[in-house]
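# would you be able to build a 3D model of this:
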Amino acid sequence: MNSILEISGLRKSYGPLEVIKGVDLSMKPGEVVSIIGSSG
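Numbering: from 1, shown residues only. Now for the predicted structure:
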């Protein structure tokens, strides 16, 4: 089955604080995905 969403190398920063560092993700139809960090 083909992916409906692909993310490669996702990064997010708040000023100098990098909070997401190089996340890769692939979702197929019908899947539910969440990203949860140490702060919830």
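
# test my guess that I7 contacts G22.
No: here I7 lies out of contact with G22, judged by CB atoms under 8 Å, at a distance of 10.4 Å. C-betas here are computed from N, CA, C, even on glycine.

# neighbour count winner among these two?
Under the criterion of other CB atoms under 10 Å, the comparison of I7 against G22 puts I7 first, with 12 against 9.

# strands paired with the helix or strand hosting that one, and their directions?
Assigned by DSSP states H and E, I7 belongs to strand 5-14. Here strand 5-14 is paired, per DSSP bridges, with strand 17-27 (antiparallel).

# give me the residues contacting the strand it pairs with.
Contact partners of strand 17-27, identified using CB atoms under 8 Å, 6 or more residues apart in numbering, comprise 3-13, 33, 35, 37.

# 7 Å instead?
For strand 17-27, contacts defined as CB atoms under 7 Å, 6 or more residues apart in numbering pick out 3-13, 33, 35.

# quick one on the thing from earlier: now the strand holding I7: average pLDDT?
What strand 5-14 shows for mean pLDDT is 94.

# list the buried residues in it.
Within strand 5-14, no residue counts as buried by 16 or more other CB atoms under 10 Å.

# tell me the centre residue of the chain?
Closest to where the C-alpha atoms of the chain average out (CA atoms, centre = their mean) is V23, at 5.1 Å.

# any idea how far that residue lies from V33?
Going from V23 to V33 by CB to CB, to the nearest Å gives 11 Å.

# try S8
15 Å.

# also S26?
Applying CB to CB to S26 and V33 gives a distance of 9 Å.

# good, wrapping up.
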